[in-house]
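Novice: predicted structure and sequence below. I'll ask about it afterward.
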Amino acid sequence: KAGVTQTPRYLIKTRGQQVTLSCSPISGHRSVSWYQQTPGQGLQFLFEYFSETQRNKGNFPGRFSGRQFSNSRSEMNVSTLELGDSALYLCASSRSGNTEAFFGQGTRLTVV
Amino acid sequence: QKEVEQNSGPLSVPEGAIASLNCTYSDRVSQSFFWYRQYSGKSPELIMSIYSNGDKEDGRFTAQLNKASQYVSLLIRDSQPSDSATYLCAVMTWEYGNKLVFGAGTILRVKS
């Protein structure tokens, strides 16, 4: 059974640019959540999508957005990148959102 | 007060010993509890979930939950050097929209 797939694995962007990250959940999983991991803040919840609807959002500025498609694949977008956005971005999928969540390999974003 | 607290460690145990990892949480209505293992440079890997008071065993791993004390722990029996990693405790409260709230993690080092 294929796991959660995130692309790309690594990204280097310049301040002010925007970036789009992609996540393909485990087959049959309808909930996709996104997390940011940094050494200083640990793992922080960004948002969760279920059946193409955002059900919950963390305490991040509006520059962070996402969406989910009808096949449950999800994308997150960060606009006007700042140096502090450098982090490991993780996607997790679960069947319904309140069950076990499985993480993808992550996308390592570096903003220079 | 942090919502989920873990001792950052490092916790050092000799090979073959029992490693005991602890986690406390502040929200009394939390319903789901998870332990993830994260190797350096990798994404978190789910190793245990527990939803009701008591013990849950899976191979060398035992999760223990005490909701009255707001305490969850993970025991690793017969610790191996390959168990050396950061162990993340995560708590989910359904009323808050299925987001996982993570502790900062405990670094475990198993010495051969």
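Specialist: Perfect, I can see it now.
Novice: I'd like the distance between A:Gln54 and chain B.
Specialist: In this view, A:Gln54 and chain B are 10 Å apart by C-beta to the nearest C-beta, to the nearest Å. All C-beta atoms are positioned from the backbone trio N, CA, C, and that covers glycine.
Novice: so who does the closest residue to A:Gly16 other than its chain neighbours touch?
Specialist: Spatial nearest neighbour of A:Gly16, excluding adjacent residues (C-beta to C-beta, 6 or more residues apart in numbering or on different chains): A:Thr80 at 5.9 Å. A:Thr80 makes contacts with A:Gly16, A:Gln18, A:Arg63, as judged by C-beta atoms under 8 Å, 6 or more residues apart in numbering or on different chains.
Novice: I'd like those residues laid out as a markdown table, including neighbour count and secondary structure.
Specialist: Shown next, in a markdown table, are those (neighbours: other C-beta atoms under 10 Å in any protein chain shown; DSSP: H, G, I helix; E, B strand; the rest coil):
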| residue | neighbour count | secondary structure |
| --- | --- | --- |
| A:Gly16 | 10 | coil |
| A:Gln18 | 11 | coil |
| A:Arg63 | 13 | coil |
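Novice: list just the nearest of the residues you listed to chain B.
Specialist: When those are ranked by distance to chain B (C-beta to the nearest C-beta), A:Arg63 comes first, at 19.4 Å.
Novice: doesn't A:Ser79 make contact with that closest one?
Specialist: Yes - A:Arg63 is within contact range of A:Ser79, at 4.8 Å (criterion: C-beta atoms under 8 Å).
Novice: all the strands of chain A, residue numbers only.
Specialist: A:5-7, A:10-13, A:19-24, A:31-38, A:42-50, A:53-57, A:64-68, A:74-78, A:87-94, A:102-103, A:107-111 (DSSP state E).
Novice: burial measure for residue 51, as a count.
Specialist: Went with chain A since none was named. Per other C-beta atoms under 10 Å in any protein chain shown, the neighbour tally for A:Ser51 reads 10.
Novice: chain B, not that one
Specialist: B:Tyr51: 13 neighbours (other C-beta under 10 Å).
Novice: would you check that it makes contact with B:Phe34?
Specialist: No - at 9.7 Å, B:Tyr51 does not count as touching B:Phe34 under the criterion of C-beta under 8 Å.
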